[in-house]
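Participant: dropping the sequence and predicted coords here.
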Amino acid sequence: MKPKAIVGLLLVCLFEFAALSQPAPQFIQLTSAQLWQRLEFCITNVPAATNPFDPDQIRLDATFTLPSGKTMTVPAFWFQDYQRGLSDGYEYLTAVGLPQWRLRFTPPESGAYSVSLAIQTNNQSDGSPVVTNFNVPIGTPPADSGYVQVATNRQYFQTSDGQALRLIGMNCGWPGGRGTYDYDDWFPAMQAAGMNFGRILTTPWSFGLETDSNSLNHYRLDHAWQLDYVFQQAEQHHLRLALCIEFHLMLQPIPDIWGPDNYWQSNPYNATNGGPCANQDAFFTNTVARTIFEKRLRYLIARYGYSPGLMSWEFFSEVDNEYQWLNPADVAVWHGIVGNWMHTNDAFGHLVTTSLTGGSDRPEIWTLPQLDYANYHCYGEAFPATRLNAVAQSFHQNYHKPVLIEEYGTSSLSWNRTNDPYLRGFRQGLWGGAVGGSAGTAMSWWYENIHNENDYPVYSALGRVLNRTGWGNGIWTNINLQTSGSPPTTVGDLVPGGQPFNVVLTPGGVWGVQPTGRLAVPSTQSAVYAGTSLNSFVQGAWQPTLQAPFALNAWFTNSARLVLHLNSVSVSANLTVRLDGTSIYTTNLPNMDGLNQVNNEYNLDIPLNIPPGKHLIEITNTANGWIYLDWVRLEQVLPSTYAGNWQPAPEAIGLRGPRESLLYVVAPWVSFSGSSTNAVLPLQHGQSLVLTHWPPGKYLADWYDPLTGTNAGSTQAVTTNGSLTLPLPDFSEDLAGVVHPPATLAALGMGPASTFQFRLDSETGGNYLIQKSSDLLTWLDLGWVSNSTGTLSMSDSVAGAASPAFYRAVQSW
């Protein structure tokens, strides 16, 4: 035998001996196999790898064969256990044991399963597949079992067992210094309030796996363990979480108003840190960067994909906040490619989405079929309920997918309790999301404030009213309501003996909105319309399609002033103020920081004297860029009427469902931020709503106080010529209503053994709930009856209450 052949034979023998001496990989089952419960394995005797996070070096893929014959392939992941503790109010983690491979799965069926584990090293198969088996006993799945899906109505969500999932919740993005201990407090409180949704963000300071400068494809296992804990707590408290994977500040190269948030400098994808991206846009165009990002997605699927508590993968938080560094078309293409990858590789089938900055709507993003639902972030927008109703209806019409009001606040800068001391704006957002047609309530960003103030009863009240209805089941259409229209843009006559007042007008701050730009100011209450009539961005010649007037009409007395609060400007800005067509002030405003950002670079009051009389004030930008005004204050204004003595009607929104309909009503002048700081509001008496294009019949409306969820009365009305005029009970702030379709419950009298007999005459199908009350306000549920017309009997423990006024049938789910 030749020497080369001898050497080759020896090498083959050595390799075979090494393979025989290496113990075969082994499954160690760590949890019991239960229906819709986390099943976890430790996998031992796995070949070593320099980087266990890189599937090109080593990958473990487990194929589960279900009792039904369906197969699901799930990757394993590299894991380090930790023990947590608190010291001086801060969480610390201590590593426990050695790192190891883990595999997670949630059995969706009862019966016998098999698992086949395939291992590759350096993209080559490493040995034969390893097989194990387990059995899931027959059991009753939890009521909210299954992963979240888009419902067939394309408006709402449902669980995989077909049950409607109406989202009530808030953000819970990252903890404070107490780390995961914060969620020990937050999640039980959320569950107790009837909430079922939260949103988690991975950031450099919390939960980020690949955010440190040296972490490219080398993940933070301590942060991953904390995220494990959060998901396990969410499962325990029946919460669904949206997990935001990338934070827009990771692409920001300069500090902003929040501080040194220029995380692009430490981004591991940045070429200066050894990454593949020469600039921020390369993150979206560089195929190497995308491949590395997809490796992180694979790890996330392996570690958290098992969880029914994971509602959706959200690729980015407010990605268009960084569009001055990015090409929007590149961002959209990236979302389509990575969305396809996620849908292909996530065996659990979680929803996929992303998010944009406050007030932003970008068709190139939301028309992507790879994104299962849209998100809208709403901050400081006037008339929250009607605004969110308009947003939801627009998104449904344009994109034919659910929309979630994923972030909400009366201000983007703070909880804003000073300007919303009675939480009217907060409450209007919650109800505006739910009854406006989005997939749930508006999700407040200010979760720590809500928890610290114990504002959870507002959520409990909403759930008490809506969760007993069919909200989210079937198709829900927007209700057409007769309104008083927009207020006139000019004032009328002076109010005799009226005292001068000062008023602060806060324009809407959303880029791209084109309001009328004209506002009459007859009273302090007119400030409520500033947010919809005016825009803080005073545009110049570079944005001709966005240019709008900024015109104010009012009566003034002696010593009157106009005060403008200037926040920021872009390149090229010139502020000019005209009074009745004549310029009274003009100044060039240099861009002092060289940035095109609203970042309080000026923070300057500009006061101007106004002579007595009725005047038209116009604020313009005669240069090319934009000027951003936080607010405008008018001083020494005289009370007057609106032109034509116009008066506002209650603001209302509503949805008509397959059975009942839902309404939310806000008293005149009370929509945020009108009258938001007034402790006492006038009683609204004798008000009504007119619902147009309404089916014929007699309808019953139950009214509730949205603050407490208690019954506020019941009213009835009959459709006339396609319109239903519903009387409203007396109220001061807002009302929630449930309108029931026609049904007649006639009392036939008492039968034997205190059995009360009824005749149910129903004009529509469905089931009916029989209710009894002694005061027509607090109704007691007696039971369900079928939709067939006929005679039925109900036992009644209160003898002598044989009057139709004490009983009713309401159609529901």
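Facilitator: Okay, I see it.
Participant: low pLDDT regions in the chain?
Facilitator: For the chain, applying pLDDT under 70 flags the ranges 1-21, 742-769, 771-813.
Participant: where do the helices sit along it?
Facilitator: 3-21, 181-192, 221-236, 282-285, 287-304, 328-345, 363-366, 384-399, 424-436, 447-453, 457-466, 530-533 (DSSP state H).
Participant: Gln80: which of those is closest?
Facilitator: If you check each of the helices of the chain against Gln80 by Cβ to Cβ, helix 221-236 wins as the nearest, at 4.2 Å. Backbone N, C-alpha and C define where each C-beta goes, glycine included.
Participant: picking up where we left off before, so which of the helices of the chain gets nearest Gly274?
Facilitator: That would be, of the helices of the chain and by Cβ to Cβ, helix 287-304, which comes in at 11.5 Å.
Participant: what angle sits between the closest one and helix 221-236?
Facilitator: 50 degrees (axes from the mean of the first three to the mean of the last three Cα atoms, to 10 degrees).
Participant: now do helix 287-304: distance to the chain's middle.
Facilitator: Relative to the centre of its chain, helix 287-304 is centred 25 Å away, using Cα atoms, centre = their mean, to the nearest Å.
Participant: run the angle between that helix and helix 328-345 for me.
Facilitator: Using the same axes, to 10 degrees, helix 287-304 lies at 40 degrees relative to helix 328-345.
Participant: what does helix 287-304 rub up against?
Facilitator: Residues outside helix 287-304 that contact it (Cβ atoms under 8 Å, 6 or more residues apart in numbering) are 53-55, 74-77, 79, 102-104, 209-210, 216-217, 219, 224, 227-228, 231, 243, 245, 269, 275-277, 282-284, 310, 313, 334, 337-338, 341-342, 345-348.
Participant: pull out the buried residues from stretch 411-426.
Facilitator: Ser411, Ser412, Trp415, Asn416, Asn419, Asp420, Tyr422, Leu423, Arg424, Gly425, Phe426 (16 or more other Cβ atoms under 10 Å).
Participant: just how off-centre is that stretch within its chain?
Facilitator: Worked out by Cα atoms, centre = their mean, stretch 411-426 lies 18 Å from the chain centre.
Participant: restrict it to CA atoms and write it as CSV.
Facilitator: Once non-C-alpha atoms are left out, stretch 411-426 reads as follows in CSV (Å, rounded to 0.1, in the frame of the first residue of the first chain):
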residue,chain,number,x,y,z
SER,A,411,-48.9,65.0,24.5
SER,A,412,-45.8,63.3,23.1
LEU,A,413,-43.6,64.9,25.8
SER,A,414,-45.3,63.9,29.0
TRP,A,415,-48.3,62.4,30.7
ASN,A,416,-49.7,65.9,30.5
ARG,A,417,-51.7,65.7,33.7
THR,A,418,-51.4,69.5,33.9
ASN,A,419,-53.5,70.0,30.8
ASP,A,420,-55.6,66.9,31.3
PRO,A,421,-56.1,66.8,35.1
TYR,A,422,-59.4,64.9,34.9
LEU,A,423,-58.2,62.5,32.3
ARG,A,424,-60.8,63.5,29.8
GLY,A,425,-58.4,63.4,26.9
PHE,A,426,-57.0,60.1,28.0
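Participant: which residues sit against that stretch?
Facilitator: Outside stretch 411-426, the residues that touch it by Cβ under 8 Å, 6+ apart are 358, 379-380, 384, 409-410, 444, 446, 449, 455, 458, 670, 672-673, 675-677, 679, 733-734.
Participant: 6 Å instead, please
Facilitator: Residues external to stretch 411-426 that are found in contact with it (Cβ atoms under 6 Å, 6 or more residues apart in numbering): Gly358, Tyr379, Gly380, Thr410, Trp446, Asn449, Phe672, Ser676, Thr677.
Participant: cool, stretch 724-732 as well?
Facilitator: 681, 683-685, 687-691, 694, 701, 703, 712-713, 715, 717.
Participant: so for that stretch, what gets flagged as buried?
Facilitator: Leu724, Leu726, Leu728, Pro729, Phe731.
Participant: ditto for stretch 342-353
Facilitator: Met342, His343, Asp346, Ala347, Phe348, His350, Leu351, Val352, Thr353.
Participant: for stretch 693-703, same thing?
Facilitator: For stretch 693-703, the neighbour count (16+ other Cβ under 10 Å) marks Trp694, Tyr699, Leu700, Ala701, Asp702, Trp703 as buried.
Participant: ok, the nearest residue to Val503 once chain neighbours are set aside to Ala329 distance?
Facilitator: Leaving aside its sequence neighbours, Val503 sits nearest to Thr524 (Cβ to Cβ, 6 or more residues apart in numbering; 4.9 Å). Separation of Thr524 from Ala329 (Cβ to Cβ, to the nearest Å) stands at 46 Å.
Participant: which of those two has more neighbours?
Facilitator: Thr524 (18 against 10; other Cβ atoms under 10 Å).
Participant: separation between the closest residue to Val333 other than its chain neighbours and Leu251?
Facilitator: Nearest non-adjacent residue to Val333, counting by Cβ to Cβ, 6+ apart: Phe284, 7.3 Å away. Distance of Phe284 to Leu251, given as Cβ to Cβ: 10 Å.
Participant: equivalent analysis for His615, please.
Facilitator: Distance from His615 to Leu251, by Cβ to Cβ: 47 Å.
Participant: so what's Ala623 up against?
Facilitator: Counting by Cβ under 6 Å, 6+ apart, Ala623 touches Gly540, Ser572, Ala573, Asn574.
Participant: do that again at 8 Å, thanks
Facilitator: Taking Cβ under 8 Å, 6+ apart, one finds Gly540, Ala541, Ser572, Ala573, Asn574, Asn588 in contact with Ala623.
Participant: just Ala382 next, same as before
Facilitator: Neighbouring residues of Ala382 by Cβ under 8 Å, 6+ apart: Thr506, Gly508, Val528, Tyr529, Ala530, Gly531, Thr532, Ser671, Phe672, Ser673.
Participant: 6 Å - rerun?
Facilitator: Applying Cβ under 6 Å, 6+ apart, we find Ala382 in contact with Gly531, Thr532.
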